[in-house]
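Engineer: No sequence on hand, only this structure:
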């Protein structure tokens, strides 16, 4: 197998495994009523005071209609609140409820544990090499596919 084929196989498996692990952890935890995409919306909203719907849609690379549907579901489940800006009624702002902040922190803890578990198998030199390689791959994808 060529190096390119090996790297492709590893990356595809790695991305699929992380999503699968994340989904399985989500389904058995306190926030089992959330889908992975809903958790990623919560993660993107973050712990800041408020975010606009348009900024959030842009950051998630989804249409405003797609985000509206997700936010409607998150509001029904009690994770997000939405309001119109007093200064400009066209602007819609969203923020996490206390339940949403707890989900955010649980998701953040999941990722911290995932990274900590992976890094504990590496020595400091291997960590530096991994960071360099992942940064180079990230930069390549950003340049090739014009991610901002």
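Structural biologist: Cool, got the structure. Note that the structure is predicted; figures quoted are calculated from it, not measured. Numbers count the residues shown, from 1 in each chain.
Engineer: Strands of the protein, residue ranges please.
Structural biologist: Remark: strands assigned in the chain by DSSP state E are 51-52, 80-84, 92-96.
Engineer: Distance-wise, check residue 75 relative to residue 132.
Structural biologist: Using C-beta to C-beta, to the nearest Å, one gets 42 Å for the distance from residue 75 to residue 132. Every C-beta, even on glycine, is put in place using the N, C-alpha and C of the backbone.
Engineer: out of the two, which sits in the more crowded spot?
Structural biologist: When residue 75 is set against residue 132 and neighbours are counted by other C-beta atoms under 10 Å, the residue ahead is residue 75, at 15 against 10.
Engineer: In space, what's closest to the more buried one - neighbours in sequence excluded?
Structural biologist: Counting by C-beta to C-beta, 6 or more residues apart in numbering, residue 75 lies nearest to residue 82, which is 6.2 Å off, once chain neighbours are set aside.
Engineer: That neighbour: what's it in contact with?
Structural biologist: Neighbour list for residue 82: 53, 71, 75, 92-94 [criterion: C-beta atoms under 8 Å, 6 or more residues apart in numbering].
Engineer: This completes my enquiry, with thanks.
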